[in-house]
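Enquirer: sequence first, then the predicted structure:
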Amino acid sequence: MGSREQADIIRDAIKLERTETWLIRTLPDGRTEVKVLDSAGKAKDIDTSTILSNVNLSRGEQL
């Protein structure tokens with residue numbers, strides 16, 4: 001369960017429109033596929049993510 005402080009940070013980010021939408025799928029072979037979606041719900045380059053662009057997903061880094 002998150003703290004009140006974390007909830008306030010999330011609420012402020014939403015108000016400032018500083019959020020991202022991700023589509024995360026676990027494939028039948030166990031691999032995970034991550035896509036970043038634009039405001040219309042269409043996939044865009046993962047490099048455009050301000051959060052995921054610094055994470056090496058191929059090595060299993062956690063956010």
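Expert: Noted; the coordinates are in hand.
Enquirer: tell me which residue is most central in this structure.
Expert: Nearest residue to the geometric centre of the chain (C-alpha atoms, centre = their mean): Trp22, 4.7 Å.
Enquirer: beta partners of it?
Expert: Counting by DSSP bridges, Trp22 is bridged to Val36.
Enquirer: thinking it is in contact with Asp38, fair?
Expert: No: at 11.6 Å, Trp22 and Asp38 do not qualify as touching, with contact defined as C-beta atoms under 8 Å. Any C-beta I mention is one placed from the backbone N, CA and C, and that applies to glycine too.
Enquirer: contact partners for the residue nearest to the centre of the chain?
Expert: Contacts here follow C-beta atoms under 8 Å, 6 or more residues apart in numbering; on that basis Trp22 touches 34-37, 52.
Enquirer: buried among the residues you listed? Make that a PyMOL selection.
Expert: Buried members of the contacts of Trp22, defined by 16 or more other C-beta atoms under 10 Å, are picked up in PyMOL with:
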select buried, resi 36+52
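Enquirer: and the two most separated of the contacts of Trp22?
Expert: Leu37 and Leu52 (11.9 Å; C-beta to C-beta).
Enquirer: list residues touching both of these two?
Expert: Counting by C-beta under 8 Å, 6+ apart, the shared contacts of Leu37 and Leu52 are 20, 22.
Enquirer: lowest-confidence one in the contacts of Trp22?
Expert: Taking those together, the minimum pLDDT is found at Leu52 (72).
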